[in-house]
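**Q** Sequence first, predicted model second:
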Amino acid sequence: MSTILIFEQLLNGVQFGVMLFLMAAGLTLIFGVMGLINLAHGSLYMVGAFAAAAVAGLTGSFVLALMAALAAAALLGAVIEVTVIRRLYDSDHLDQVLATFALILIFSEGTRWLFGSFPLFLDIPEALSGPVTLPGGIQYPLYRLALIGAGLLVAAGLWLLIERTRLGIQIRAGENDREMIAALGVDISKLYTLVFALGAALAGLAGALVGAIQSVQVGMGEPVLILAFVVIVIGGIGSIKGAFIGALLVGLTDTLVGIFLPEVLKLFMEAAPATSAGSAIASMSIYILMSLVLIWRPSGLFGARA
């Protein structure tokens, strides 16, 4: 097993992880601050991808496509929060799950009505196409490196927002005691709308960025949503740091186990059963990881202890 292959898969795992972080960060903010289970978060990921693909097709500009994804997801998130989500804050989690699941169906069918059932394709910008040579002579796609860089920049910006700005102080205070900050004069309704729109924008950005390396299609957000929930459970609900660490752990685990476990099993088994067993275990690997973390820390790696 070559060192180059291992390094390439490590980079693939990191790239997958930072894209998961964009989804999980918004989801953990929404759940941590509002106490809301939002199953429609994956639909906002899909909306961002479709908005980017549509604008890129019209203008040929990848930058405009990213801006459209951010704007469309944030605007739709704000509209959803004002019209639907705001009525669910005092409801139990079952009502929230049912209502946001209904939103998934609405968005899926609405997207299919607007764009049809066939996948769209978002081209990688020419400036980021092709491979780049890394130290050691390793050839790696430039766009995937750009995804890693973009994800790290967003993570740094989000950390600065939460830890170093007045809005961040309000968000952290709202997570701990929403009644108190409302009593101190903070407009809690506007704060919730801002947080929801921010989380939606992050999901839309992730959808647009990933849309260039896979097809853009109806329902693309649901599998990612499941992984994002795993990430925030591992990292700790409400923790941006936890979402980042958890996303990297999930991305690396899913990528490395899926690639290397069948090869390791072939050392002890015949090729066919080794491939079958390795694939089966790999598909469960992130859930095994989640279980181990919860056994060790029931609140997640960086979640508040009960």
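**A** Nice, thanks for sending it over. Bear in mind the structure is a predicted one, so any value in this text is a computation, not a measurement. Numbering: from 1, shown residues only.

**Q** other SSEs contacting the helix or strand encompassing residue 12?
**A** Element membership for residue 12 (DSSP states H and E) is helix 3-34. Under the contact definition 3 or more CB pairs under 8 Å, 6 or more residues apart in numbering; DSSP states H and E, helix 3-34 sits against helix 41-59, strand 138-141, helix 142-164, helix 166-176, helix 188-211, helix 221-235, helix 240-265. No exception for glycine: its C-beta is placed from N, CA and C like everyone else's.

**Q** Tell me how far the fifth one lies from the chain's centre.
**A** Distance of helix 188-211 from the chain centroid (CA atoms, centre = their mean, to the nearest Å) equals 11 Å.

**Q** got the angle for that helix vs helix 3-34?
**A** 160 degrees (axes from the mean of the first three to the mean of the last three CA atoms, to 10 degrees).

**Q** contacting residues around the helix or strand bottoming out on mean pLDDT in the chain?
**A** None of the helices or strands of the chain scores lower by mean pLDDT, DSSP states H and E than helix 178-183, at a mean of 73. The contact list for helix 178-183, computed with CB atoms under 8 Å, 6 or more residues apart in numbering, reads 33, 170, 173, 174, 188, 191.

**Q** Nearest residue to the fourth one in space, ignoring adjacent ones along the chain?
**A** Same thing as residue 174. In this structure, residue 174 finds its nearest non-sequential neighbour in residue 33, 5.0 Å apart by CB to CB, 6 or more residues apart in numbering.

**Q** ok, back up a step: how about the helices and strands packed on helix 3-34 in a markdown table, adding distance to residue 77 and mean pLDDT?
**A** Formatted as a markdown table, these follow (distance: least, CB to CB, whole Å; pLDDT from 0 to 100):
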| stretch | distance to residue 77 | mean pLDDT |
| --- | --- | --- |
| helix 41-59 | 6 | 94 |
| strand 138-141 | 31 | 88 |
| helix 142-164 | 16 | 91 |
| helix 166-176 | 15 | 77 |
| helix 188-211 | 3 | 91 |
| helix 221-235 | 13 | 92 |
| helix 240-265 | 18 | 91 |
